[in-house]
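**Student:** Kindly generate the corresponding structure for this input.
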Amino acid sequence: MENWNFILAGLGGQGILFMTKLISQSAMRRQYCVMGAETHGMAQRGGAVVSHIRLGEVESSLVRPGSAHFILSLDENEAYRNLPYIAPKGRIYASAPEGHSPNKEVKAYLDKMDVTFRALPAAGVALDLEAPIASNLVLLGFFSAFEDRPVNQQDIMETIEEVSPDRFRSLNLRVFEKGLSLGRRKKDNI
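**Tutor:** Residues are numbered from 1 along each chain as shown. Okay, here's the model as predicted:
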């Protein structure tokens, strides 16, 4: 079984830890060994929150610089701040304005590393769905439209059903499915 490394980044209150739980439990459905660690800044005041997830036969919970297959970031600046973690040919999914591409310096670095950058205004989508604190589920749905390894959309949906409180379950699934739908549309236009 392959090893996979994720960096999840954002600001306090955006749901990084819930997104970590969803990816980790979805990976366990696929029989992956899961190790992870979170680093919290002033999370309660909107400070940086970074979560490391490692899947497979790994010996440490921290993702080494240059080895993350995926960065999922709920804040564009946090995606840039965590660029040292991305592996060559890695993929970044960031909450950023539609059609946005990184500034010239970042784009040059991503091109040199052959890194794919995909943006979606996850916070705006969540707000439109009257679920302003669910941008994490929008971004996770968007991610799952492009990636089916190491976890896929079905794994994540089953995990959302399992871990969501009853009163939020249908809303969480609807928000995830909206991100998935937007990702599929974008994927079809590539």
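**Student:** pLDDT weak spots in the chain?
**Tutor:** 40-45, 190 (pLDDT under 70).
**Student:** top helix in it by residue count?
**Tutor:** helix 166-188 (DSSP state H).
**Student:** Regarding the residue nearest the centre of the chain, what is its secondary structure?
**Tutor:** Residue closest to the average C-alpha location in the chain (CA atoms, centre = their mean): Leu72, at 3.0 Å. The three-state assignment at Leu72 reads strand, by DSSP: H, G, I helix; E, B strand; the rest coil.
**Student:** On the strand side of things, show who it bridges to.
**Tutor:** Leu8, Tyr93 (DSSP bridges).
**Student:** Would you agree it is in contact with Arg91?
**Tutor:** No: in this structure, Leu72 is not within contact of Arg91 by CB atoms under 8 Å, at 9.2 Å. Placement of C-beta: from N, CA and C, glycine included.
**Student:** list the helices and strands the longest helix of the chain packs on?
**Tutor:** The helices and strands touching helix 166-188, judged by 3 or more CB pairs under 8 Å, 6 or more residues apart in numbering; DSSP states H and E, are strand 116-120, helix 122-128, helix 135-146, helix 153-163.
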